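A.B. asks: Predicted coordinates and the sequence they were generated for:
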Amino acid sequence: MNRIFGCPYGNVPFSLNTSQFFPSTFRSTGNNSEQLSNEDLLETTQQEMMFLKKELARKEEEITKLRQVDATFTETATFNLEDIENWTIEQVISWFESLGLGQYKEAVLEYRVNGLLLVNLEGNDWAELGIQNALHIKKIEVS
């Protein structure tokens with residue numbers, strides 16, 4: 001359903017599709033139109049609401065992922081890897097979080113892993129720290 005409105009700044013009409021705001025009470029079936037019942041309208045509206053809720057949740061998830069990527073890039077870019085041996089425990093934790101490995105925060109705190117200790121970890125030290133996933137270890141070593 002389109003409505004034409006006059007523009008307040010002159011005789012320039014613009015079109016507004018009102019069907020997105022006001023659902024039609026008629027259903028077209030070929031050459032015939034039948035009026036929808038209140039139950040049909042309610043069901044249609046509920047289906048539209050479910051669709052919109054799912055779409056909103058999907059978009060929010062996309063935004064969250066983009067924010068995580070942005071935060072990771074920003075945080076990683078601010079670390080001075082040349083000065084890693086002088087990092088504090090807090091800087092090591094922030095770096096782990098920027099790599100997406102924040103689950104090891106408690107271990108870093110417990111074992112008081114600063115930059116000097118971090119660069120000297122090897123072999124079984126990772127397991128002692130609670131990092132047993134080989135890909136996590138590789139991620140730390142190459143970063």
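C.D. replies: Looks like it came in fine.

A.B. asks: Next, find the distance separating Asn38 from Tyr111.
C.D. replies: When Cβ to Cβ, to the nearest Å is applied, the distance between Asn38 and Tyr111 equals 66 Å. (C-beta placed from N, C-alpha, C; glycine too.)

A.B. asks: Comparing these two, which residue is more hemmed in?
C.D. replies: Taking other Cβ atoms under 10 Å, Asn38 and Tyr111 do not tie; Tyr111 has more neighbours (16 against 8).

A.B. asks: Following element in sequence after the helix or strand that contains Ser94, please.
C.D. replies: In the assignment (DSSP states H and E), Ser94 maps to helix 89-98. Past helix 89-98, heading to the C-terminal end, the next element that is a helix or strand (DSSP H and E) is helix 105-110.

A.B. asks: Okay, buried residues for that following helix please.
C.D. replies: Buried residues in helix 105-110, counting neighbours by 16 or more other Cβ atoms under 10 Å, are found at Val108.

A.B. asks: Who are the packing partners of it?
C.D. replies: Applying 3 or more Cβ pairs under 8 Å, 6 or more residues apart in numbering; DSSP states H and E, we find helix 105-110 packed against helix 89-98.

A.B. asks: relative orientation of whichever helix in the chain runs longest and helix 89-98 in degrees?
C.D. replies: Scanning the chain for the helix with the most residues, using DSSP state H, yields helix 38-77. Here the directions of helix 38-77 and helix 89-98 differ by 130 degrees (axes from the mean of the first three to the mean of the last three Cα atoms, to 10 degrees).

A.B. asks: packing partners for helix 38-77?
C.D. replies: Here helix 38-77 touches helix 89-98, going by 3+ Cβ pairs under 8 Å, 6+ apart.
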